[in-house]
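Student: okay, sequence plus prediction incoming.
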Protein chains: 2
Amino acid sequence: MKPEEHQSCQSGMPKMFTQMSEQKPTPMTNRFGGEEVRVVDAMIDFIYPEVPFPSKRIFEALGEERIRALVVYHHDLLRKTKVGDLFPANDEAFKAAVHKSADFFVEALGGGATFTSVHGEPHLRSRHFKVSIDENARDIWLLMFKKALKEQHFPKAHLQEFWEWIEALSIRMINRRTTMEPICRYYWSEIKGEFEA
Amino acid sequence: MKPEEHQSCQSGMPKMFTQMSEQKPTPMTNRFGGEEVRVVDAMIDFIYPEVPFPSKRIFEALGEERIRALVVYHHDLLRKTKVGDLFPANDEAFKAAVHKSADFFVEALGGGATFTSVHGEPHLRSRHFKVSIDENARDIWLLMFKKALKEQHFPKAHLQEFWEWIEALSIRMINRRTTMEPICRYYWSEIKGEFEA
């Protein structure tokens, strides 16, 4: 249902807003029950930052099998965390979910329509609505990916390009807020040192 | 923790963004694995609209007891819906939660510090983070309030002012998204006819 089809849904509003985390507290004086209605400004929660999708260089360097192995490794790590509960408990169903995720990574890196030919449009955010993903779940997902990249010896020349993609992409999956704080960023400049050992 | 205290948290970003629900689909051609990195724009999810807090006119018309009765009635309705599961199951704990909510309504309408003197700053959004509130839960909360307003014979002269407050305020409690659609609005102009019977 598009906004214009349902006039009760907001649309066509101005596009400049303060983020909630930057909101100033309202002074207690005259906050409630004044002589007239007191309007509190419109707000946005947080900004889903731009996502730099990688070039074909990563696929050319790794190939399909190493990409699939990386995704499997990442999910084996995830399964041992509390995020593991978001995946099917049944081994076969878990394996199928991981395979589907690997299909996406292969395609997103330029390996052909391995995902869309089977599952249709990615629509990653929509696909994840059925599970509750809060800021901490995203942190765990991302930090386990960092561990997987290290332990699977992802080629150093392509780490930055890959990391900057998944770091930003993972934010789009957040659908449950548990804090007023902005979403934490894990910028390449701050974590690259971990790969230099 | 403020953004400036933690450089990994995003801050100081530009404040103009497209809403997700207005995002155009990316053409399949050259979407993945191009020659160079392809940047997908930053986005916001939805806008928490401005909230018009009521004047003291409503409190002057109703008084504390009728406001408390309204909040109790609303919660008795809520308890029978699926939103009821978000409240304590124990009767005494439920009653205490309703009393706290009534403290807020009395204060917000201008009846003095009934809430803040006992519980501190309202911080309604933060207080609700511990329970998952999706768009549908907000719809139910609001529609049960509409029913309560009708059945408790809320004074017609003040209905619009009260409704426009709770309709917008309730959106601030949403902390779980389950759809890409914008948040539905229940504008006074669209529902006032229900109160004319």
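Tutor: It's in.
Student: helices or strands next to the longest helix seen in chain A in the packing?
Tutor: What stands out as the longest helix in chain A, according to DSSP state H, is helix A:57-79. Secondary-structure packing of helix A:57-79 (3 or more CB pairs under 8 Å, 6 or more residues apart in numbering or on different chains; DSSP states H and E): helix A:91-108, helix A:135-151, helix A:156-171. C-betas here are computed from N, CA, C, even on glycine.
Student: now do the phi/psi pair for residue A:43.
Tutor: phi -140, psi 160 (degrees, to the nearest 10).
Student: which residues of chain A score low on pLDDT?
Tutor: For chain A, applying pLDDT under 70 flags the ranges A:1-17, A:25-30, A:197.
Student: with adjacent residues omitted, what lies nearest to the residue of chain A most remote from its centre?
Tutor: Farthest-out residue of chain A from its mean C-alpha position, per CA atoms, centre = their mean: residue A:35, at 45.3 Å. Among residues not flanking residue A:35 along the chain, residue B:55 sits closest, at 6.1 Å (CB to CB, 6 or more residues apart in numbering or on different chains).
Student: so stretch A:124-134, near chain B or not?
Tutor: Yes - using CB under 8 Å from any CB of the partner chain, stretch A:124-134 reaches chain B at A:125-126, A:129, A:132.
Student: can you pick the most crowded of those?
Tutor: Among the residues of stretch A:124-134 next to chain B, residue A:125 has the most neighbours (other CB atoms under 10 Å in any protein chain shown), with 20 neighbours.
Student: I'd say it and residue B:178 touch.
Tutor: No - counting by CB atoms under 8 Å, residue A:125 does not reach residue B:178; the two are 10.9 Å apart.
Student: shared neighbours of those two, anything?
Tutor: Overlap of the contact sets of residue A:125 and residue B:178 (by CB atoms under 8 Å, 6 or more residues apart in numbering or on different chains) consists of residue A:175.
Student: now residue A:50, nearest residue through space, not along the chain?
Tutor: Nearest to residue A:50 is residue B:42, by CB to CB, 6+ apart, at 4.5 Å.
Student: how much space between that neighbour and residue A:77?
Tutor: Noted for residue B:42: a distance of 29 Å to residue A:77, by CB to CB, to the nearest Å.
Student: how near is residue A:62 to chain B?
Tutor: For residue A:62, the distance to chain B (CB to the nearest CB, to the nearest Å) stands at 12 Å.
Student: and the residue lying closest to that residue once chain neighbours are set aside, backbone torsions?
Tutor: Sequence neighbours aside, residue A:155 is the residue nearest to residue A:62 in space, at 7.0 Å (criterion: CB to CB, 6+ apart). Torsion angles at residue A:155 (phi, psi; degrees, to the nearest 10) stand at phi -60, psi 130.
Student: phi first, then psi, for the residue nearest to residue A:50.
Tutor: Backbone torsions of residue B:42, given as degrees, to the nearest 10, read phi -60, psi 150.
Student: that one contacts residue A:47, doesn't it?
Tutor: Yes - counting by CB under 8 Å, residue B:42 touches residue A:47, with 5.6 Å between them.
Student: the more surrounded of those two?
Tutor: Using other CB under 10 Å as the criterion, residue B:42 and residue A:47 rank with residue A:47 on top: 21 against 17.
Student: tell me the SS of residue A:31?
Tutor: Put simply, residue A:31 is coil when judged by DSSP: H, G, I helix; E, B strand; the rest coil.
Student: pretty sure it sits against residue B:54.
Tutor: No - if you go by CB under 8 Å, residue A:31 and residue B:54 don't touch, sitting 11.8 Å apart.
Student: between those two, which one's more packed in?
Tutor: Taking neighbours as other CB under 10 Å, residue A:31 and residue B:54 compare with residue B:54 leading, 23 against 17.
Student: contacting residues for the more buried one?
Tutor: Applying CB under 8 Å, 6+ apart to residue B:54 gives the contacts A:33, A:37, B:108-110, B:158, B:161-162, B:165.
Student: list only buried entries from those.
Tutor: Among the contacts of residue B:54, those classed as buried by 16 or more other CB atoms under 10 Å in any protein chain shown are A:33, B:108-110, B:158, B:161-162, B:165.
Student: turn those into a markdown table, including distance to residue B:171.
Tutor: Shown next, in a markdown table, are these (distance: CB to CB, whole Å):
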| residue | distance to residue B:171 |
| --- | --- |
| A:33 | 22 |
| B:108 | 16 |
| B:109 | 19 |
| B:110 | 22 |
| B:158 | 21 |
| B:161 | 17 |
| B:162 | 16 |
| B:165 | 11 |
